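Participant: after the sequence you'll find the predicted model.
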Amino acid sequence: MGLATLPELIESARSSGARIEATIMVQDADQAGDLLNRATYRIMQEALTNAFKHAPGQPIRVDLIAGPTTGIHVTVTNALGPDSGLPGSGNGLIGMQERAALLGGILSAEPDDRGNFVVEASLPWQGRTSR
């Protein structure tokens, strides 16, 4: 689970009925540390789950750029659907923010002025450590 398996995560969401348009550009995925890999995967997984749950049938846009010189920048955008007001515990958003903070990154998750819900994360690159 990590940067290399993000395309599989997106295909799995598509097979569940999600309408996803994605651009994923990853450089040197094999050099990313385990924590960074896991955090990126889980943030993407939670963002897709929330979009599918709170705005079923609405299109989802995923953009991810990752590499040692750029860090990781993830944006998941979905149109707010008629069921967007479904109550949630908020634990998923809190978990995403905690994962980002643990790595020294930032994450925002909020509606924009165009009727979309946007999750954006920026994580510093953390390479594998030798022991």
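Facilitator: It's in. Predicted model, so just to flag it, every value in this text is computed and none were measured. Residues are numbered from 1 along each chain as shown.
Participant: got the buried residues for whichever strand or helix holds L36?
Facilitator: Here L36, judged by DSSP states H and E, is contained in helix 34-54. Neighbour counts over helix 34-54 (16 or more other Cβ atoms under 10 Å) mark 36-37, 39-48, 50-52, 54 as buried. Any C-beta I mention is one placed from the backbone N, CA and C, and that applies to glycine too.
Participant: and the residues you listed, which is closest to L102?
Facilitator: A39 (7.1 Å; Cβ to Cβ).
Participant: show me what contacts the closest one?
Facilitator: 99-100, 102-103, 123 (Cβ atoms under 8 Å, 6 or more residues apart in numbering).
Participant: can you give me the pLDDT of the one residue sitting closest to the centre of the chain?
Facilitator: By Cα atoms, centre = their mean, the mean C-alpha position of the chain lies nearest to M44, the distance being 2.5 Å. With respect to pLDDT, M44 scores 96.
Participant: that one and E8 touch, don't they?
Facilitator: No. Using Cβ atoms under 8 Å as the test, M44 is too far from E8 to be in contact (11.1 Å).
Participant: kindly export the helix or strand of the chain with the lowest mean pLDDT (C-alpha atoms) in CSV.
Facilitator: The helix or strand with the lowest mean pLDDT-type score in the chain, counting by mean pLDDT, DSSP states H and E, is helix 91-102 (a mean of 88). Presented in CSV, the C-alpha positions along helix 91-102 are these (Å, rounded to 0.1, in the frame of the first residue of the first chain):
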residue,chain,number,x,y,z
ASN,A,91,-13.1,11.2,12.2
GLY,A,92,-12.0,10.6,8.7
LEU,A,93,-11.1,14.3,8.2
ILE,A,94,-9.4,14.4,11.5
GLY,A,95,-7.4,11.2,10.7
MET,A,96,-6.3,12.7,7.4
GLN,A,97,-5.2,15.9,9.1
GLU,A,98,-3.3,14.0,11.8
ARG,A,99,-1.5,11.8,9.2
ALA,A,100,-0.4,15.0,7.3
ALA,A,101,0.7,16.7,10.5
LEU,A,102,2.7,13.7,11.7
